[in-house]
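Participant: take a look and give me a structure for this.
(chains A, B, C and D)
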Protein chains: 2
Amino acid sequence: MRKKISLKDIANEMGVSTAVVSYVLNNKYEGRISEAKANEIKNIAKKLNYFPNQIAKSLKKDRTFTIGLIIADISNLFYSSIARYIENESKKYNYNVIFGSADENADKFNELIQVMLGRQVDGIILAAPKGTETTLNYLKERQLPFVLIDRYFPQIMEINTVGVNNYQASYTVVQHIAANGYKKPAMVTLRTDLFHMQDRVSGFKDACRQLLGEQDSKVVEVKEDMLSEELEECLLNLLEEQNDLVYFSTNKIAMEGLAILVKRDVKVPNEMGIVCFDQADAYKIFNTSITFIKQPLQYIGSKSVEMLISSINGNRFAENVVLETQIVSGNSSASRKNS
Amino acid sequence: MRKKISLKDIANEMGVSTAVVSYVLNNKYEGRISEAKANEIKNIAKKLNYFPNQIAKSLKKDRTFTIGLIIADISNLFYSSIARYIENESKKYNYNVIFGSADENADKFNELIQVMLGRQVDGIILAAPKGTETTLNYLKERQLPFVLIDRYFPQIMEINTVGVNNYQASYTVVQHIAANGYKKPAMVTLRTDLFHMQDRVSGFKDACRQLLGEQDSKVVEVKEDMLSEELEECLLNLLEEQNDLVYFSTNKIAMEGLAILVKRDVKVPNEMGIVCFDQADAYKIFNTSITFIKQPLQYIGSKSVEMLISSINGNRFAENVVLETQIVSGNSSASRKNS
DNA sequence: CTAAATCGGTTAATCGATTAACTAAAAGGC
DNA sequence: GCCTTTTAGTTAATCGATTAACCGATTTAG
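Facilitator: Predicted structure coming up:
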């Protein structure tokens, strides 16, 4: 039994036309085909182990029931978790996902878009790297349904987005640490001009000004590809300058940063307090429980799928969903008794 | 410009037949179409922003240039890393990947297989949960190219597999710790009858017998869904019984186990030595560097893609690739000076 | 008893791209 | 100048499934 079974095979076996088989197997045969024959057809289909060629179906229907997912980096837990939620949610709607990782590279991103368009995906969920505005505008022009997650581009209006309130998240961090007696926090972030990252910085700066009276709060930007090296230098610097807490603005920075603190045997929170943006499974094997900002990953996933499918089904109104984050406090930013 | 551009649109624009356009765009026009017209067509195609409908192409060619990937658990770094390598490698061959996570569930696995077959994938790479032998036999019968990774099923002959020498890996672990003076190691593993896991246990037991003279080495099996609870009890037990080292047989067990050791403030390696199967980014934030078995993830990924595509291209010979692992030694299994 | 409605199907066009087979005109050979 | 090649295309079938339109035979209505 090497060959694939098609409608035709069933039709031949039964001595009827393929149309009949199609009607029956799609349950659109009421008043057209006798119940007896219909059952016979269903049985034969089962016996031959038939299942429809979705490729052919897609071609005819102009719907593939496939959504594309482009994320920045699959090795990042933040994205791989979201990917999983998106996959699960899509399944509920009988949609499949094809995914790709753009690795923060606009060219790779564009390539992935091309591939997905070629595959006729019904829509795309994406976390776009910087420099992709042209492509996004093109998608918009082409009226291809899509939803941006995590990142957004204020220049491009009226598109669907799902993200968190990054400004507020950072602000909350400073409130939390101010309440715990920290006086001189520093933030370590990536050198990027993605807006959601800028928001994290602004929230931090504004809060430092307003809550700590710090006019010129310390924000260090590191380059992604030199993360480990730059970070080590930076952390030693912060220690020397008597900063009492570091706020890592991403998952990846946090992991590298914590590794360096372990390596240098820096006591947390005594010598240095720590707050991280984003969750990581790994935190639990650090010797101090970590305070971190928790994003509603599952909700970002399910909401983005819901919006995308609504858009695929003809909804023309763009929606910008901004979700709140949550601060989970651990000992890494525990209250300071000393001045 | 809402509509999609098809061959027909270009043909109309040029006043030629779609065949010409197809020949030109596929560079099969030598001796058929004039160079001048060919260039004109290429330009129009570019101007109209045409790119071919892969769905239609697939239907005609009976090739989708898509491979399915089913892994056990996308949230596990082992699999997500492999997924990434597989995706990258596939791109080199101009193949795309659609993926799904079976969560160690045979029903979900079967469902994913159905979906992928419906989508007419050219082949599948899979890490199969237990209880899926029937499905695998069906795939074999159907002559659908596939490659098993990580796990294997000795009952099913002549299928492509890529995995590591699990027995040898465990044996090496015991050699390593024996050389470092450990006398009473224990192994913690999952309660499962997947063969590759059994191999890890056999390797451990045999090595304990042969190298440590231990006739009845300690192997504790925990249940996946009760990991954290069972593990805590188990570890306390091992401490009490004077075991001097624990060998965690998977990534996931290791993470949970280490977390418990941190929580209980157990000194590694003084109170308890540690060796883990599989790598994790997180190890670097543990207070002691971890000794672990490193699998050649990238090679598993690239090899499996290579084998799959060779099989898709008609190669009928099944291959069983068994790769060697590597032990990366850290302080968690450092040499014991005391008896 | 005739016209209309219902039953149980079939035919054929279509989705977009591919490709074997064909054709008409121009160029080349002797 | 006539026959053969070559050039430059066109036609039409095909992949598998869908579906509007049609058709003959019964059944029903009035």
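
Participant: show me where chain A has strands.
Facilitator: A:66-71, A:96-101, A:123-126, A:146-149, A:160-164, A:185-190, A:218-222, A:245-248, A:273-277, A:291-294, A:320-323, A:326-328 (DSSP state E).

Participant: reformat those strands as TSV; add distance to chain B and mean neighbour count.
Facilitator: C-beta coordinates here come from the backbone N, C-alpha and C atoms, glycine included. Listed next are the strands of chain A as TSV, based on distance: least, CB to the nearest CB, whole Å; neighbours: other CB atoms under 10 Å in any protein chain shown:
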stretch	distance to chain B	mean neighbour count
strand A:66-71	8	25
strand A:96-101	5	23
strand A:123-126	14	25
strand A:146-149	15	26
strand A:160-164	18	24
strand A:185-190	16	22
strand A:218-222	17	18
strand A:245-248	12	27
strand A:273-277	11	26
strand A:291-294	13	22
strand A:320-323	21	14
strand A:326-328	16	14
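
Participant: least confident of those, on average?
Facilitator: The minimum mean pLDDT among these belongs to strand A:96-101 (a mean of 87).

Participant: now the angle between strand B:96-101 and that one, please.
Facilitator: 110 degrees (axes from the mean of the first three to the mean of the last three CA atoms, to 10 degrees).

Participant: strand A:96-101 packs against which elements?
Facilitator: Counting contacts by 3 or more CB pairs under 8 Å, 6 or more residues apart in numbering or on different chains; DSSP states H and E, strand A:96-101 packs against strand A:66-71, helix A:77-92, helix A:106-118, helix B:77-92, strand B:96-101.

Participant: any idea how far the fourth one is from the chain center?
Facilitator: Going back to what we said before, that points to helix B:77-92. Counting by CA atoms, centre = their mean, to the nearest Å, helix B:77-92 is centred 8 Å from the centre of its parent chain.

Participant: report the angle between it and strand B:96-101.
Facilitator: Helix B:77-92 runs at 160 degrees relative to strand B:96-101, counting by the same axes, to 10 degrees.

Participant: name the helices or strands packed onto helix B:77-92?
Facilitator: With contacts defined as 3+ CB pairs under 8 Å, 6+ apart, helix B:77-92 has these neighbours: strand A:96-101, strand B:66-71, strand B:96-101, helix B:297-312.

Participant: next, format the ones you listed as CSV and append distance to DNA strand D.
Facilitator: CSV is the format used below for those (distance: least, CB to the nearest atom of the strand, whole Å):
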stretch, distance to DNA strand D
strand A:96-101, 16
strand B:66-71, 16
strand B:96-101, 19
helix B:297-312, 17
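
Participant: nearest to residue B:199, of these?
Facilitator: helix B:297-312 (15.9 Å; CB to CB).

Participant: the closest residue to residue A:82 other than its chain neighbours: neighbour count?
Facilitator: Spatial nearest neighbour of residue A:82, excluding adjacent residues (CB to CB, 6 or more residues apart in numbering or on different chains): residue A:301 at 5.1 Å. Using other CB atoms under 10 Å in any protein chain shown, residue A:301 is surrounded by 24 other residues.

Participant: contact partners for residue A:301?
Facilitator: Residue A:301 makes contact with A:82, A:84, A:85, A:86, A:88, A:89, according to CB atoms under 8 Å, 6 or more residues apart in numbering or on different chains.

Participant: residue A:33 contacts residue A:21, correct?
Facilitator: No: the pair residue A:33 / residue A:21 is not scored as a contact, 9.4 Å apart, by CB atoms under 8 Å.

Participant: okay, and the common contacts of those two?
Facilitator: Here residue A:33 and residue A:21 share the contacting residues residue A:41, scored by CB under 8 Å, 6+ apart.

Participant: neighbour count winner among the two?
Facilitator: residue A:21 (27 against 17).

Participant: with adjacent residues omitted, what lies nearest to whichever residue of the stretch 151-300 of chain A sits closest to chain B?
Facilitator: Across the stretch 151-300 of chain A, no residue is closer to chain B than residue A:282, which sits at 3.0 Å (CB to the nearest CB). By the measure of CB to CB, 6+ apart, the closest residue to residue A:282 outside its immediate chain neighbours is residue B:282, 3.0 Å from it.

Participant: now the helices for the stretch 101-250 of chain A?
Facilitator: Secondary structure of the stretch 101-250 of chain A, counting by DSSP state H, counting those that start in this stretch: helices at A:106-118, A:133-141, A:166-179, A:195-212, A:227-240.

Participant: for the fourth one, packing partners?
Facilitator: With contacts defined as 3+ CB pairs under 8 Å, 6+ apart, the secondary structure elements packing on helix A:195-212 are helix A:166-179, strand A:185-190, strand A:218-222.

Participant: reformat the ones you listed as a markdown table; add distance to DNA strand D.
Facilitator: Converted to a markdown table, the helices and strands packed on helix A:195-212 look like this (distance: least, CB to the nearest atom of the strand, whole Å):
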| stretch | distance to DNA strand D |
| --- | --- |
| helix A:166-179 | 44 |
| strand A:185-190 | 47 |
| strand A:218-222 | 53 |
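
Participant: what angle do the lowest-mean-pLDDT helix or strand in chain A and helix B:106-118 make?
Facilitator: In chain A, the helix or strand scored least confidently by mean pLDDT, DSSP states H and E is strand A:96-101, which has a mean of 87. Orientation of strand A:96-101 against helix B:106-118 (the same axes, to 10 degrees) gives an angle of 90 degrees.

Participant: and strand A:96-101, how far out from the chain middle?
Facilitator: On CA atoms, centre = their mean, the centre of strand A:96-101 falls 12 Å from that of its chain.

Participant: residue A:270: neighbour count?
Facilitator: By other CB under 10 Å, 12 other residues sit near residue A:270.

Participant: distance of it from residue B:87?
Facilitator: 44 Å (CB to CB, to the nearest Å).

Participant: state the distance from the nearest residue to residue A:180 once chain neighbours are set aside to residue B:249.
Facilitator: Once flanking residues are discounted, residue A:180 sits nearest to residue A:335: 4.4 Å by CB to CB, 6+ apart. Using CB to CB, residue A:335 is found at 40 Å from residue B:249.

Participant: neighbour-wise, which of the two wins?
Facilitator: Neighbours were counted for residue A:335 and for residue B:249 using other CB under 10 Å; residue B:249 has more, 29 against 12.

Participant: ok, that one - contacts?
Facilitator: Counted by CB under 8 Å, 6+ apart, residue B:249 has contacts B:170, B:187, B:188, B:189, B:190, B:197, B:200, B:201, B:277.

Participant: you'd agree residue A:51 is up against residue B:118?
Facilitator: Yes: taking contacts as CB under 8 Å, residue A:51 lies within contact range of residue B:118: 5.5 Å.

Participant: ok, the contacts of residue A:301 vs DNA strand D, which is closest?
Facilitator: Set against DNA strand D, the nearest of those by CB to the nearest atom of the strand is residue A:89 (24.3 Å).

Participant: count the residues that sit near residue A:43.
Facilitator: Neighbours of residue A:43 (other CB under 10 Å): 10.

Participant: low-confidence ranges, chain A, go.
Facilitator: Applying pLDDT under 70 to chain A flags residues A:1-2, A:337-339.

Participant: and the gap between the closest residue to residue A:223 other than its chain neighbours and residue B:161?
Facilitator: Spatially, and ignoring its direct neighbours in sequence, residue A:223 is nearest to residue A:191 (5.3 Å; CB to CB, 6+ apart). From residue A:191 across to residue B:161, the span is 45 Å (CB to CB).
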